[in-house]
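Student: missing the sequence, but the structure's below:
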Ligand SMILES: C=C1C[C@]23C[C@H]1CC[C@H]2[C@]1(C)CCC[C@@](C)(C(=O)O)[C@H]1[C@@H]3C(=O)O
Ligand SMILES: O=C(O)CCC(=O)C(=O)O
Ligand SMILES: [Fe+2]
């Protein structure tokens, strides 16, 4: 659009694309290449993409369609499943949210709990939709439930690969995330006619363990690498994997939590599906002894995942430095700016 900000002005990141199928099939050459790629990418910035992942393309497409239909509902209907302050789940209209003075985020989100445990109902997402919005949303809940389950299975293969790349037993992180308590999130960024970049989600690091993200065909995701924001072009048949603060803590800083942001397109709506893998709430986040030694002393305190989640929801709004502010807050060495995360 003449005069409007265009993505083409941005650097495009050259990202590692890992053949996950080859690794999962135990192909030695594919496995060593996958280990090489993730080790290099995660040690540097904490971002890579996975292809040959085995997730049904029709399930991905249908989930995008259901997400689009959900955000197209009347506002008062979406508010029936509205998110309460201090709670990570539900619908939120972020249009009024200011992160910093020059960021005016324009997005709406829908977040659902995906708890995989013998103690949790197997259809949590389905019942979440039907309880708040009625039986008409049974099939939408079923699609998103199925997608979240596919993401959890994919995440287990990814964390196995990450463990192997860190020199740990293949099942180390599979065990750690066995009863994961994750967040399935839909992000909608309506188009915004601006002459400069419009921010959907300001620069941040995800506090969770890892994020599996699927973009629709619209540019907007950027990662900050080598001093520049770099655009990650959508690839419909790949998933983006962003390591988060909790995985950085689990790896004792060997692997990085990727700094990223989401920009808004000036002429088409953007929609993304984000699966935020997290361990069970009371799981202690601590690195394995193999990753701590004289050259690699502990970088972060032990914490329960529920403590960091609650910190981001009730004490401090996630930004680029959450894990360090949280660590100081937890150990009592400083009190954070009380920037209520509403
Ligand atoms: C634990 C979480 C907090 C956020 C959702 C998940 C992982 C990413 C976090 C978030 C998206 C980072 C940017 C700020 C935030 C407030 C947002 O824009 O939605 C964050 C999420 C949240 O607090 O709901
Ligand atoms: O929508 C995107 O491209 C990124 C979303 C994101 O960073 C998040 O939800 O944490
Ligand atoms: Fe993020």
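Tutor: On my side now, so go ahead. Only a predicted model underlies this, so the values are computations on that prediction, with no experimental measurement involved. Ligands and ions are numbered 1, 2, ... in the order given.
Student: Just the element for the nearest residue to residue 255 once chain neighbours are set aside, please.
Tutor: For residue 255, ignoring the flanking residues on the chain, the nearest one in space by CB to CB, 6 or more residues apart in numbering is residue 42 at 3.9 Å. (Each C-beta comes from the backbone N, C-alpha and C, glycine too.) Under the criterion of DSSP states H and E, residue 42 resides in helix 28-44.
Student: Could you name the helices and strands sitting against the helix or strand that that helix is followed by?
Tutor: Moving toward the C-terminus from helix 28-44, the next helix or strand (DSSP H and E) is strand 47-51. Using 3 or more CB pairs under 8 Å, 6 or more residues apart in numbering; DSSP states H and E, the elements in contact with strand 47-51 are strand 17-19, helix 20-24, helix 28-44, strand 239-243.
Student: Strand 47-51 and ligand 2, any residue contact?
Tutor: No - Strand 47-51 is not in contact with ligand 2 by CB under 6 Å from any ligand atom; minimum separation 11.1 Å.
Student: can you give me the offset of that strand from its chain's centre?
Tutor: 13 Å (CA atoms, centre = their mean, to the nearest Å).
Student: Also stretch 210-220?
Tutor: 10 Å.
Student: Contacts only, for residue 108.
Tutor: When the contact criterion is CB atoms under 8 Å, 6 or more residues apart in numbering, the partners of residue 108 are 71, 78, 91, 92, 93, 94, 95, 188, 190.
Student: Verify the stated contact: residue 189 with residue 216.
Tutor: No - when contacts are counted by CB atoms under 8 Å, residue 189 is not listed as touching residue 216 (9.9 Å).
Student: And the residue of the stretch 101-250 of the chain closest to ligand 2?
Tutor: Per CB to the nearest ligand atom, residue 221 is where the stretch 101-250 of the chain lies closest to ligand 2, at 3.6 Å.
Student: Count the residues that sit near the closest residue in space to that residue that isn't next to it in sequence.
Tutor: Among residues not flanking residue 221 along the chain, residue 232 sits closest, at 4.6 Å (CB to CB, 6+ apart). Using other CB atoms under 10 Å, residue 232 is surrounded by 21 other residues.
Student: Centroid-nearest residue for this protein?
Tutor: With distances taken as CA atoms, centre = their mean, residue 211 lies nearest the centre of the chain, 3.0 Å away.
Student: Is that one within a helix or a strand, and which one?
Tutor: Assigned by DSSP H and E, residue 211 falls within strand 210-215.
Student: Give me the mean pLDDT for that strand.
Tutor: For strand 210-215, mean pLDDT is 98.
Student: Which neighbours in the sheet does that strand have, and how are they oriented?
Tutor: Strand 210-215 pairs in its sheet with strand 239-243 (antiparallel), strand 270-277 (antiparallel), by DSSP bridges.
Student: ok, and what's touching the first one?
Tutor: Around strand 239-243, the neighbours that count as contacts under CB under 8 Å, 6+ apart are 42, 46-50, 53, 55, 154, 158, 206, 209-215, 221, 223, 232, 255-258, 260.
Student: Against ligand 1, which of these make the cut? List them.
Tutor: When CB under 6 Å from any ligand atom is applied, the members of those adjacent to ligand 1 are residue 206.
Student: What residues does the stretch 201-342 of the chain have near ligand 1?
Tutor: Residues of the stretch 201-342 of the chain lying near ligand 1 by CB under 6 Å from any ligand atom: 201, 204, 206, 207, 208, 276, 309, 312, 317, 318, 341.
Student: same deal with the stretch 1-150 of the chain?
Tutor: Going by CB under 6 Å from any ligand atom, the residues of the stretch 1-150 of the chain near ligand 1 are 88, 109.
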